[in-house]
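Asker: Pasting the sequence and the predicted model now:
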Amino acid sequence: MGLCDLTFVAKTDPSPGELEKRLGYRFVNPALLLEALTHGSYLQDDPAAGPHNQRLEFLGDSVLQFVLTDALYREYPTEREGVLSRRRAVLSKGGFLTQMARDLGIDAGLRLNKSEEDAGGRNRASILEDAFEAVVGAIYLDSDLATIRQLLLTWYGPLPARLAVSEDAENPKGSLQELVQPVHGNSALRYAVSATTGPRHARVYEVEVFLHDRKIGTGGGSSKKVAEEAAARVALATLRADPA
């Protein structure tokens, strides 16, 4: 079951057992899960409530980076280091981890004080990212590297599919270049403005992208950059459907 399979979960404050079901892991030491869910603000009202999650977040970040590095190295045996690094960055960026925390129900289990809760802390990206990494660290300490590796790869689902969605959305021109480069080389793509409309203060650009002499996409936008990205997204869909 991958990440997308978990998004239906209702966001109600779960018991530790319910959250463990969502994670797919039952803790030998439940105190580690409680620590992973404890934001620093919670201890302002109750200093005796136990440690907050920053140390586990520190550990979990390193575990996550190692698991992703190992998985990408094995998934792409001929890929260059720079490409692997960029792909790892996509899979471990803040926004991605924030959504993972929401999809797994970690947000609902967070322990925050009232001030942080009222300020929207349960939905704050930085808090959710830290909590996700803290949960990773907690499971690693409670089990072993093999267990957290299997869980992470289950949560992520197939890495190529996850990367395709993320990279296409964030950097469509880069994704298109990576798609064509192995077969056609570095200089096969060409972008050209085909039309400009609208008044000077509200220009709309239309851009076409060519693979050698074949037009593979057209896009529009309020700037050349936006239009090129739109054309690249169309081109990605075109080449994946008909690479010839």
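Answerer: Perfect, thanks for sending it. Numbers count the residues shown, from 1 in each chain.
Asker: Not counting sequence-adjacent ones, nearest residue to residue 52?
Answerer: Closest residue to residue 52 apart from its sequence neighbours, by C-beta to C-beta, 6 or more residues apart in numbering: residue 40 at 4.3 Å. (C-beta placed from N, C-alpha, C; glycine too.)
Asker: secondary structure class for that neighbour?
Answerer: Under DSSP: H, G, I helix; E, B strand; the rest coil, the three-state class of residue 40 is coil.
Asker: Looks like it contacts residue 51 (just checking).
Answerer: No: checked against C-beta atoms under 8 Å, the pair residue 40 and residue 51 is beyond contact range at 9.6 Å.
Asker: Now do the buried residues in the regular element (helix or strand) spanning residue 226.
Answerer: Following DSSP states H and E, one finds residue 226 within helix 224-241. For helix 224-241, a neighbour-count test (16 or more other C-beta atoms under 10 Å) marks 227, 228, 229, 230, 231, 232, 233, 234, 235, 236, 238, 239 as buried.
Asker: So residue 190: helix, strand or coil?
Answerer: Per three-state DSSP, residue 190 ends up strand.
Asker: for it, what are its contacts?
Answerer: By C-beta atoms under 8 Å, 6 or more residues apart in numbering, residue 190 lies in contact with 209, 210.
Asker: next one: residue 148
Answerer: Residue 148 touches 63, 67, 136, 139, 140, counting by C-beta under 8 Å, 6+ apart.
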